[in-house]
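Engineer: prediction below, plus the sequence it came from.
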Amino acid sequence: MAIDGKWKASWTTQRGQQEVTLDLAAAGGALTGTFTGAQGGPQNIEGGTLDGDQFSWKVNRQGPQGPITLTFAGKVDGDKIEGTVTTPRGTNPFSGSRA
């Protein structure tokens, strides 16, 4: 599946709606790109993989109480992506579409 391009994604946490912009590119099984959220950015995604329509990556960022890691996993389906984002506070569903 083609995941290359810009995406708008969001999920809901205890702190409310989180919205991000993703700029993704795949080459072979590697997935690279940037993550830009309301609390800063852009930040490089790390350890990104794409296997068919399944993807995963991590983003390390500075949270209110120190550094945190966000781990994304899911699938791409045309102009939509969906999956889960795991944070220190738990796992939440996320979804997005091409920007």
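Structural biologist: Yep, that arrived.
Engineer: rest of the way, CA atoms for contacts and neighbours
Structural biologist: OK.
Engineer: assign the most centrally placed residue in the chain to helix, strand or coil.
Structural biologist: With distances taken as C-alpha atoms, centre = their mean, Phe72 lies nearest the centre of the chain, 5.2 Å away. Under DSSP: H, G, I helix; E, B strand; the rest coil, Phe72 falls in the strand class.
Engineer: so the closest residue in space to it that isn't next to it in sequence bridges to which residues?
Structural biologist: The shortest distance from Phe72 to any non-neighbouring residue, by C-alpha to C-alpha, 6 or more residues apart in numbering, is to Val85 (4.5 Å). Judged by DSSP bridges, the bridge partners of Val85 are Phe72, Asn92.
Engineer: re the thing from before, wouldn't the residue nearest to the centre of the chain be in contact with Thr86 here?
Structural biologist: Yes: using C-alpha atoms under 8 Å, Phe72 makes contact with Thr86 at a distance of 6.5 Å.
Engineer: joint contacts of these two?
Structural biologist: Common contact partners of Phe72 and Thr86 (C-alpha atoms under 8 Å, 6 or more residues apart in numbering): none.
Engineer: do you know how far the residue nearest to Phe72 is from Thr69?
Structural biologist: Distance of Val85 to Thr69, computed by C-alpha to C-alpha, to the nearest Å: 10 Å.
Engineer: quick one, which of those two is more surrounded?
Structural biologist: Val85 (22 against 15; other C-alpha atoms under 10 Å).
Engineer: state the distance from the more buried one to Gly63.
Structural biologist: Val85 is 15 Å from Gly63, by C-alpha to C-alpha.
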